[in-house]
Structure formats: C-alpha cells, structure tokens
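Asks: sequence-free structure coming up:
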C-alpha cells in the first residue's frame, strides 16, 4: 500500500499495483494509478484534483474514489472493472470510464456527485450502473453503447442524458431548465437495439425526449414549457431496412406548446398535450421505393393510440395508421385527422370550431360545442358516423378530386343535393335520407352507370341543404 498525506499546494503520487491513498489538502492534487489492481483513494480537498486509473493492455480491477471538494475535478478510469466514485463538490467535474481498444467494456458501477457546476459522466460501453447527481447548472451523462441502468438527477439547469444504442433503463430527473434524453437506436453510422425503458421528468423548461427506433417503453413528463417527444421510425436506406419503434410511449406535455411524434411506431401510445397549442402525431406516410412521398408504398403506424389535446388549438394526427385510435381535441379550435387510416377511429372535437377528418374505417366523429367542419376525401373510405352534426351552421367538406361527378369548388349547387332515398335527376350528387339519416353520393345522379354509395351516417330529421356542403 502507498499512503501519502500531502500539504497545502499541488501534490502528486505515482501509485503501485496495490492500494493507493493520497490525502492532498488544498491545491491541485494528482494521483496516477494507471494499470493498478488495487483500490485507490484521492482525498483532494479544494482545488482541481485528478485521479488517473487508466487501463491499457490490462484491466484496472480495483475501486477508485476521488473526494474533490471545490474545484474542477477529474476521475479517469477507462477500461476499469471496479466501481468508481467522484464526489466532486462545487465546480465542473468529469468522470470518464469508457471502454478501450483492448478492453472494450467497463463493468463497474460509476457515480458522480457533482454539486454546483457543469458536471459530466461519460461511460461508453459500460455494463454497470451509472449515476450522476449533477446539482445546479448544466450536467451531462453520456452512456452510449452501454448495457446498465443510467440515472441523471440534473437539478436546475439544462441537463442531457445520451444513451443511444443502450440496453438498460434510463432516467433523467431534469428539474427546471431545458432537458434532453436521447436513447435512439442510431449512433453515428450504426444501428442496433435500444431496448430499455426511458423516462424524462422535465419540470419547467423546454424538454426533449428522443427515443427514435427504440424497443422500450418511454415516458416524458414535460411539465411547463414547450416539450418534444420523438419516438418515430424512419427508413434511412441502410441495407433497405426499415427500423420500427416498438415500445409503448407516454407523454404528458403540461402547459406549453408540445410536439409529440410517434410516427411509424408499433406500440400503444398515449399523448396528453394539456394546455397550449400542441401537435400530436402517430402517423405513417406514403412513399415510393426511392423515398418520395405520396407514391403508393405505405409505412403505417401499427398500435392503438390515444391523443388528448387539452386546452388550446391542437393538431392531432393518426394518418395512415392501422390501429383503433382515440383523438380528443379538448378546448380550442382543433384539427383532428385520420386520413387514410385503416382502423375504426373515434374523434372528439370538444369545445371550439374543429376540423375533423376520418379515414378508411367506419369512424365515429363528434364535433362537440362550436361550429365544426367534417371532411371527406372520397366516397369509398368507409361509413363515418357524425353524432352531433348541427345543420344550422356546421359543414361537410368534400374533395372534388376524390368524389368526382363534376363537382366544382367552392360550393355545392342546389341542383346537386336532394332529400330522399335516391337521386331523381341526373345533376343530383348527394342524397340525404331524412328518415334513416344516411348520406349517399352518386356520381351520375339518376343515370344507371354508377350505384350510389353511403359514406356517412347523420341523425335523422335534420334540415340539411346544399349550404351545409363545401367543395375543395
């Protein structure tokens, strides 16, 4: 064992293979125990203190502890197999325990108690547990390509946890400030499986949870501020593969304008926007094989999704999805869209003047209070039920291209609408059965080449006229 008690000033100890202790007192103290197999302690006191316990061809097998006090303290234990603790106190503290070329993984548990200051814990290729208690200021935990569980208690400040291509569970308690947790399946040019659970408790501030391509269950409690959850899947063309986000994702946005994106995901997602003008998307898209939009190849969101907009003018989207989705706009003038969605979806507009679009399924549409517009892109995309349509001031918007029949923007002519069970004139296109509430479309009116198609179900006995229609 090597044991040295230093004095005020800058002390240096080059340790041996056994246990090494340097008590440094005030000053910038340095303990070098590279390739050591023993347990090492640097009690540095105030000042910028450094403990170096690096492995090279050999693994550093002992436990390493640095009690730094005030100042910028550094513990480097790359290729370490032991537990590493940096109690840094105030100052910008740094703990590095990454794997190396000869020893690619580090197996011990790593803890940094940083205090005030910008603190960093870096643990690439770590298989142990990593914990950073950063305190106030901007703290950073980088555990890309790691297998253990990782926790960052950030406190006040802009905190970041990067755990791309990780296998463990990741938790960021960010506190106030703009906090970021990234646990994607993509790192540099490498794809792999990010399989753990990821949780970001953001507090006040603009918080960002990026879990694209992940397989785990993800939770963002954003609190106040403009928060973003990205749990999407994209095709970047790597070997022609399409990487899917498979876990269940939950976002509670809190006050602020939140952006919640789980496009192409196959899990069941719950997105609560709360107050603010929120955009909640659980959509797929239509591509061609070269990646261009709108070319007939569908990448669909597979799970059942619930999107609650809350107060504010919200945009809720489940276009090109396959599941059974529930969209509730809440208060405000909301846009709810299930365009080209295959499932039987339920869309509630809530209070406000809402725009509501169903998909290919038999959807249930509620406008709620306010003057609402129900949009239809074609006559052959299922039969949607409009449960509270008010013929006094609400609108049915139809696509001239999707419906055909020589419709012209922006209005429907009186001659193109009739009440009854079928068209009685060639010009008539829309037929409302006021006994059953069925709404039909006929491309050629009373001619026989086209058989009328029911595309919506309204209440019976409405005073519906051509003025309830708008053509786009």
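Replies: Perfect, thanks for sending it. Keep in mind the model is a prediction, meaning the values are calculated, not measured.
Asks: contacts and neighbour counts: CA atoms only from here.
Replies: Fine.
Asks: Quick one: name whatever helix or strand follows the helix or strand that contains residue 271.
Replies: Take DSSP states H and E as the rule and residue 271 turns out to sit in strand 269-272. Proceeding N to C from strand 269-272, the next assigned helix or strand is strand 279-281, under DSSP H and E.
Asks: List the neighbouring strands of that next one plus their orientation.
Replies: strand 259-261 (parallel), strand 315-317 (parallel) (DSSP bridges).
Asks: Mean pLDDT lowest where, among those?
Replies: Comparing mean pLDDT across the strands paired with strand 279-281, the weakest is strand 259-261, with a mean of 87.
Asks: where do the strands sit along the stretch 301-450 of the chain?
Replies: 305-308, 315-317, 326-328, 335-337, 346-348, 355-357, 364-366, 373-376, 384-386, 395-398, 417-419, 430-432, 438-441 (DSSP state E, counting those that start in this stretch).
Asks: Mean neighbour count added to the strands paired with strand 279-281, as JSON lines?
Replies: Formatted as JSON lines, those follow (neighbours: other CA atoms under 10 Å):
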{"stretch": "strand 259-261", "mean neighbour count": "26"}
{"stretch": "strand 315-317", "mean neighbour count": "26"}
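Asks: In JSON lines, list those strands along with distance to residue 66.
Replies: Below are those laid out as JSON lines (distance: least, CA to CA, whole Å):
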{"stretch": "strand 259-261", "distance to residue 66": "41"}
{"stretch": "strand 315-317", "distance to residue 66": "51"}
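Asks: Now residue 12: closest residue in space, sequence neighbours ignored.
Replies: Distances taken as CA to CA, 6 or more residues apart in numbering put residue 30 closest to residue 12, at 4.7 Å, once the chain neighbours are dropped.
Asks: In CSV: the strands of the stretch 301-450 of the chain, plus distance to residue 181.
Replies: As requested, the strands of the stretch 301-450 of the chain are exported to CSV (distance: least, CA to CA, whole Å):
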stretch, distance to residue 181
strand 305-308, 22
strand 315-317, 24
strand 326-328, 27
strand 335-337, 29
strand 346-348, 31
strand 355-357, 34
strand 364-366, 36
strand 373-376, 38
strand 384-386, 40
strand 395-398, 42
strand 417-419, 55
strand 430-432, 52
strand 438-441, 49
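Asks: My read is that residue 304 contacts residue 268, right?
Replies: Yes - Residue 304 is within contact range of residue 268, at 4.9 Å (criterion: CA atoms under 8 Å).
Asks: that older thread, mind checking which of the strands of the stretch 301-450 of the chain is nearest residue 173?
Replies: strand 305-308 (24.1 Å; CA to CA).
Asks: which secondary structure elements does the closest one contact?
Replies: On a contact count with 3 or more CA pairs under 8 Å, 6 or more residues apart in numbering; DSSP states H and E, strand 305-308 meets strand 269-272, strand 326-328.
Asks: Touching it from outside, list them.
Replies: 268-274, 280, 282, 316, 323-330 (CA atoms under 8 Å, 6 or more residues apart in numbering).
Asks: Please repeat the previous calculation with a cut-off of 7 Å.
Replies: 268-273, 280, 316, 325-330 (CA atoms under 7 Å, 6 or more residues apart in numbering).
Asks: Strand partners (parallel or antiparallel) of it?
Replies: strand 269-272 (parallel), strand 326-328 (parallel).
Asks: pLDDT at residue 102, what is it?
Replies: 56.
Asks: Same check on residue 189?
Replies: For residue 189, pLDDT reads 45.
Asks: quick thing: my sequence starts at 49, can you match it?
Replies: Sure thing, new numbering starts at 49, so read that last one as residue 237.
Asks: Now do the same contact list for the closest residue in space to residue 312 that isn't next to it in sequence.
Replies: What sits nearest to residue 312 in space, not counting adjacent residues and going by CA to CA, 6+ apart, is residue 349, at 4.1 Å. Contacts for residue 349 were tallied using CA under 7 Å, 6+ apart; they are 311, 312, 313, 314, 330, 331, 332, 368, 369, 370.
Asks: please redo it, this time with the cut-off set to 6 Å
Replies: Under the criterion of CA atoms under 6 Å, 6 or more residues apart in numbering, the contact list for residue 349 reads 312, 313, 314, 331, 332, 369.
Asks: how near is it to residue 231?
Replies: Separation of residue 349 from residue 231 (CA to CA, to the nearest Å): 20 Å.
Asks: Residue 198: what's it in contact with?
Replies: Counting by CA under 6 Å, 6+ apart, residue 198 touches 177, 178, 179, 218.
Asks: Which one (most neighbours) among those?
Replies: Counting neighbours by other CA atoms under 10 Å, residue 178 leads the contacts of residue 198 with 27 neighbours.
Asks: That one reaches residue 158, doesn't it?
Replies: Yes - contact between residue 178 and residue 158 holds when scored by CA atoms under 6 Å: they sit 4.8 Å apart.
Asks: before we move on, back to that, for my notes, please list the contacts of residue 349 in JSON lines and give pLDDT for each entry.
Replies: Shown next, in JSON lines, are the contacts of residue 349 (pLDDT from 0 to 100):
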{"residue": "312", "pLDDT": "78"}
{"residue": "313", "pLDDT": "81"}
{"residue": "314", "pLDDT": "82"}
{"residue": "331", "pLDDT": "83"}
{"residue": "332", "pLDDT": "78"}
{"residue": "369", "pLDDT": "91"}
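Asks: Give me the subset of those lying in strands.
Replies: Among these, none falls in strands (DSSP state E).
Asks: Closest to residue 167 out of these?
Replies: Closest to residue 167, out of all of the contacts of residue 349 and judged by CA to CA, is residue 313, at 34.3 Å.
Asks: Residue 425 - how many residues pack around it?
Replies: Applying other CA under 10 Å, I find that residue 425 has 20 neighbouring residues.
Asks: Over to residue 497?
Replies: Other residues lying near residue 497 total 10 when counted by other CA under 10 Å.
Asks: Per-residue pLDDT of it, please?
Replies: 96.
Asks: just the one 10 residues further on next, same as before
Replies: On the pLDDT scale, residue 507 is placed at 98.
Asks: now residue 54
Replies: pLDDT, residue 54: 54.
Asks: Poorly predicted segments of the stretch 149-298 of the chain, please.
Replies: For the stretch 149-298 of the chain, the stretches flagged by pLDDT under 70 are 149-153, 233-242, 281-293.
Asks: let's see it at 80
Replies: Applying pLDDT under 80 to the stretch 149-298 of the chain flags residues 149-154, 232-243, 260-262, 280-295.
Asks: go on, the stretch 299-448 of the chain?
Replies: If you take pLDDT under 80 as the line, the stretch 299-448 of the chain has these spans: 311-312, 332-350.
Asks: so which of the helices and strands packed on strand 353-356 is the most packed in?
Replies: Using mean count of other CA atoms under 10 Å, the stretch among those with the largest mean neighbour count is strand 317-320, at a mean of 24.
Asks: Show me what counts as buried in stretch 95-110.
Replies: 95-104, 107-110 (16 or more other CA atoms under 10 Å).
Asks: picking up where we left off before, closest one to residue 358 out of the contacts of residue 349, please.
Replies: residue 331 (19.5 Å).
Asks: For that closest one, the count of nearby residues, please.
Replies: Neighbour tally, residue 331, other CA under 10 Å: 28.
Asks: Perfect, that will be all.
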